[in-house]
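Asks: predicted model and sequence follow; I will ask about them next.
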Amino acid sequence: MSSKQRDGAPRVLHLHSTFAAGGKELRSVQLINAFGSKLAHSIVSADRNAYGAAEHIAKGRTVRYPRKFPPLKGKPWPRRLRELAIAMKPYDLVLTYNWGAMDAVMAHTLFKDALGLPPLIHHEDGFNEDERRKLKASRNWYRRIALGKASGLVVPSEVLEGIALEVWHQPIGRVKHIPNGIDTKGFKANPPPDALRGVIKHEGEKWVGTLAGLRPVKNLTALVRAVSHLPEDWQLVIVGEGTEGEAIRDAAEEAGIAHRVHLPGFVSNPKAFLALFDIFALSSHSEQFPLSVVEAMAAGLPVAAPAVGDIASMVAKENAHYIARPNDEDSLAEALRALSLDADLRAQIGMANRAKARAQYDEAKMIASYRRLYDSALGGGVLG
């Protein structure tokens with residue numbers, strides 16, 4: 001008897017490398033909230049201390065956190081992989097996310113037929129610092145084998161779609177390109193100066209702002225240096241949490257702008273404060289289809305960022321000139337400088353970005369695509 005028959009709602013197992021409040025995790029929460037009571041969810045994080053995204057799950061959703069689930073990290077020995085496979089058996093659908101859950105994907109492929117495992121859909125959202133310059137051949141090989149019996153491989157960007165097809169050798173029918181989406185409405189046009197917890201925007205100030213995990217791959221020390229070339233009235237506000245806070249502060253001290261760099265930590269609900277920014281900026285070594293850029297566009301902001309992942313094609317054509325060369329601090333600094341000089345230009349670009357976000361990146365389109373994909377894997381008629 002399946003879990004669907006026992007409980008009425010299919011059981012979905014989510015296996016994450018981390019369930020901290022980052023982009024892929026918050027997208028997963030979006031979908032959990034959107035599907036309501038039609039599914040029952042169990043969430044496992046490879047980092048057993050990282051469950052911050054759970055705070056954003058709406059009330060009334062059935063969610064469990066099976067802390068005794070076999071570890072997602074470790075050597076891929078057959079005994080360990082079999083334990084992972086056995087732990088998947090009670091569920092109706094398994095959703096895995098990024099490299100940190102790839103051993104579970106391998107376990108599913110190896111034991112799917114023998115154990116009668118449920119369908120599995122894998123999600124890839126990009127790469128960490130260790131693969132920002134070049135993908136690791138061993139991981140490419142491992143993915144090719146591990147994904148052999150997956151029902152789907154979801155990617156948010158055209159760049160990752162190409163990698164999945166050409167590098168990981170996935171059949172075209174398995175790869176599903178679903179761009180990230182958000183609720184593009186409701187961003188406050190004129191938030192109060194204290195709308196961002198811990199930082200007040202004083203009269204006469206202008207803000208370059210970003211939403212980013214404080215991780216090496218986000219290259220935030222480069223953003224500090226780029227902002228140091230702007231006039232004294234420009235502040236840098238980095239909203240996020242992570243391990244790089246001290247390095248960012250050190251870079252600000254070295255650049256002589258420590259008094260102009262603010263790190264309020266992670267703050268939920270960017271709709272309430274994002275329009276305090278005058279320019280949204282990224283400096284990442286690697287991105288794919290960052291939700292933060294869509295949020296900035298929906299808030300009516302111009303974007304200065306490197307041309308990594310799909311960023312150059314995401315923004316409106318009016319914004320294209322201010323997308324910098326990858327890993328080029330001078331190019332990013334020049335984009336920021338040009339935008340900082342012209343308030344009318346910033347407003348014009350922001351309006352174009354808002355229009356494109358609402359037309360192409362609203363969450364309704366994304367949720368509908370995931371609904372069709374998950375419903376098909378569950379046999380149909382569940383999420384319709």
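Replies: Done, it's in.

Asks: kindly check the end-to-end length of stretch 159-176 for me.
Replies: 13 Å (C-alpha to C-alpha, to the nearest Å).

Asks: pull the residues that contact that stretch.
Replies: 124-126, 135, 140, 143-144, 147, 150-155, 177, 288, 309-310, 369, 373 (C-beta atoms under 8 Å, 6 or more residues apart in numbering). (C-beta placed from N, C-alpha, C; glycine too.)

Asks: please indicate which of those are buried?
Replies: With burial judged by 16 or more other C-beta atoms under 10 Å, the buried subset of the contacts of stretch 159-176 is 124-126, 143, 147, 150-155, 177, 288, 309-310, 369, 373.

Asks: just the ones in helices from these, please.
Replies: 143, 369, 373 (DSSP state H).

Asks: correct me if wrong: the last one contacts His122.
Replies: No - in this structure Leu373 lies outside contact range of His122 using C-beta atoms under 8 Å: 11.7 Å.

Asks: overlap in contacts of the two?
Replies: 152, 154.

Asks: hey, where'd the strands end up in the stretch 201-350 of the chain?
Replies: Under the criterion DSSP state E, counting those that start in this stretch, strands of the stretch 201-350 of the chain are mapped to 206-211, 234-239, 261-262, 279-281, 303-306, 323-324.

Asks: for the second one, give me every contacting residue.
Replies: The contact list for strand 234-239, computed with C-beta under 8 Å, 6+ apart, reads 196, 199, 201, 205-212, 214, 220, 223-224, 227, 248, 252, 257, 260-267, 270, 276-277, 340.

Asks: give the PyMOL command for selecting the buried subset of these.
Replies: Only the buried entries of the contacts of strand 234-239 go into this PyMOL selection, using 16+ other C-beta under 10 Å:
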select buried, resi 196+199+201+205+206+207+208+209+210+211+212+214+220+223+224+227+248+252+257+260+261+262+263+266+267+270+276+277+340
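
Asks: which pLDDT value belongs to the closest residue to Arg67 other than its chain neighbours?
Replies: Nearest residue to Arg67, sequence neighbours excluded (C-beta to C-beta, 6 or more residues apart in numbering): Arg48, at 7.1 Å. Looking at Arg48, its pLDDT is 89.

Asks: the one 10 residues further on too?
Replies: Model confidence at Ala58, given as pLDDT, is 95.

Asks: I'd say it and Asn33 touch.
Replies: Yes - the criterion here is C-beta under 8 Å, and Ala58 meets it with Asn33 at 4.4 Å.

Asks: compare neighbour counts for those two and give me the winner.
Replies: Asn33 (15 against 12; other C-beta atoms under 10 Å).

Asks: my guess is Ala226 meets Ala333, correct?
Replies: Yes - counting by C-beta under 8 Å, Ala333 is a contact partner of Ala226 at 4.0 Å.

Asks: so if I had to pick from the two, which one is more boxed in?
Replies: Per other C-beta under 10 Å, whichever of Ala226 and Ala333 has more neighbours is Ala226, with 25 against 20.

Asks: relative to Arg144, how far out is that one?
Replies: Separation of Ala226 from Arg144 (C-beta to C-beta, to the nearest Å) stands at 38 Å.

Asks: ok, now Val154?
Replies: Separation of Val154 from Arg144 (C-beta to C-beta): 17 Å.

Asks: who does Trp234 bridge with?
Replies: Beta-bridge pairing for Trp234 (DSSP bridges): Lys206.
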